[in-house]
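S.K.: generate coordinates for the sequence data below:
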Amino acid sequence: MATSNYSSSLSSTFYLTGIPGYEEFHHWISIPFCLLYLVGIMGNCIILHIVRTDPRLHEPMYYFLAMLSLTDMGMSLPPVISLFRVLWSISREIQFNICVVQMFLIHTFSFTESSVLLAMALDRYIAICHPLRYATILTPKLIAKIGIAALLRSAIPLIPLLVHLTFFRFCHSHVLSHSYCLHQDIIRLACADTKFNVIYGLVVITMLWGLDSLGILVSYAFILHSVLRIASREGRLKALNTCASHICAVLILYVPMIGLSIVHRFAKQSSPFIHILMAHIYLMLPPVINPIIYSVRTKQIRQGVLLLFSPTKISSTLM
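M.R.: Residues are numbered from 1 along each chain as shown. Below you'll find the predicted structure:
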């Protein structure tokens, strides 16, 4: 029986949903999505280029920012192909094995982004609370290990979840409620006991997002305690200002993420448009907004952007 279930799931074809009720406007709706994606890719590539080429930015804070940019691009890339295939009326079909790979990549990079934000919170904690030991603690070797650990920590727990999914049979509707594959969306179509996937999924979310958010809160509790001990008001504001960009990045990831989880679990009867809107905000917003925030709020990045697009440099490049 297990073998037949495995075969039937791998041979299954699912049908992706665009935006219900707006099918005739899909081509027009694809324009802002395309612009958002291009802005996100361009913004994160600019951040990576500036950090790589400016020796002054070869510091822990900017290495973590480069990790965030890579993760942003990784999170937004997997759903884009299927999204535009639906909006451009090329095809709504997606094979089960491709769906599993897409789910794996989306959830892996989502969890990795959360882990990177935790690492950035610890970076700010060390910079403010232990400034004299900052460079000796956060060495390039340790930062590389943190990046690899964040990726492995996010990917490995998903493997049992997705492997177990391949043994399901899907005898109900094969129509997914999004333009890409999400685990919580696809298990609703299974004709099997999904208790393991539901419970294990909640455990993974709690252990990854839950612990990450708790670590970020604890880091900022120590940061706030340390900042309040600074005598001058200017010193306190300067210390807090170095954290402003990171706090915005945390909110941009966690608020849509929490909203999407609440909609999926507790508002299943709400309008499909709400589900789809939350799902796309969750994946498209951070890659677009994070480079803008760091370009505006971080002096060194802002200077790098201005230098990159300065008329003198552009004219010299053309010559």
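S.K.: export stretch 73-82 to CSV, keeping only CA atoms.
M.R.: The C-alpha trace of stretch 73-82 is given here as CSV (Å, rounded to 0.1, in the frame of the first residue of the first chain):
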residue,chain,number,x,y,z
MET,A,73,16.7,36.5,-3.2
GLY,A,74,16.5,32.8,-2.4
MET,A,75,13.1,33.3,-0.7
SER,A,76,11.5,35.2,-3.6
LEU,A,77,13.0,33.2,-6.5
PRO,A,78,11.2,29.7,-6.1
PRO,A,79,7.6,31.0,-6.4
VAL,A,80,8.3,33.5,-9.2
ILE,A,81,8.3,31.0,-12.1
SER,A,82,5.0,29.4,-11.2
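S.K.: now it: average pLDDT?
M.R.: Confidence over stretch 73-82 (mean pLDDT, whole number) is 88.
S.K.: can you pull the buried residues of that stretch?
M.R.: Buried positions in stretch 73-82, judged by neighbour count with 16 or more other C-beta atoms under 10 Å: Met73, Gly74, Met75, Ser76, Leu77, Pro78, Pro79, Val80, Ser82. Yep, even glycine has a C-beta here, placed from its N, CA and C like the rest.
S.K.: state the three-state secondary structure for the second one.
M.R.: Same thing as Gly74. Of the three states, Gly74 takes helix according to DSSP: H, G, I helix; E, B strand; the rest coil.
S.K.: how near is Phe104 to Asn97?
M.R.: Spatial separation of Phe104 from Asn97 under the definition C-beta to C-beta, to the nearest Å is 11 Å.
S.K.: what is the neighbour count of His130?
M.R.: His130 has 12 neighbouring residues, counting by other C-beta atoms under 10 Å.
S.K.: please begin residue numbering at 26 from this point
M.R.: From this message on, residue numbering opens at 26, which makes the last subject His155.
S.K.: tell me where the stretch 76-225 of the chain has helices.
M.R.: Ranges of helices in the stretch 76-225 of the chain, per DSSP state H, counting those that start in this stretch, are 85-112, 121-154, 159-162, 165-180, 183-190, 208-211, 220-230.
S.K.: can you list those helices in JSON lines and add distance to Met309?
M.R.: Below are these laid out as JSON lines (distance: least, C-beta to C-beta, whole Å):
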{"stretch": "helix 85-112", "distance to Met309": "6"}
{"stretch": "helix 121-154", "distance to Met309": "12"}
{"stretch": "helix 159-162", "distance to Met309": "34"}
{"stretch": "helix 165-180", "distance to Met309": "20"}
{"stretch": "helix 183-190", "distance to Met309": "21"}
{"stretch": "helix 208-211", "distance to Met309": "17"}
{"stretch": "helix 220-230", "distance to Met309": "21"}
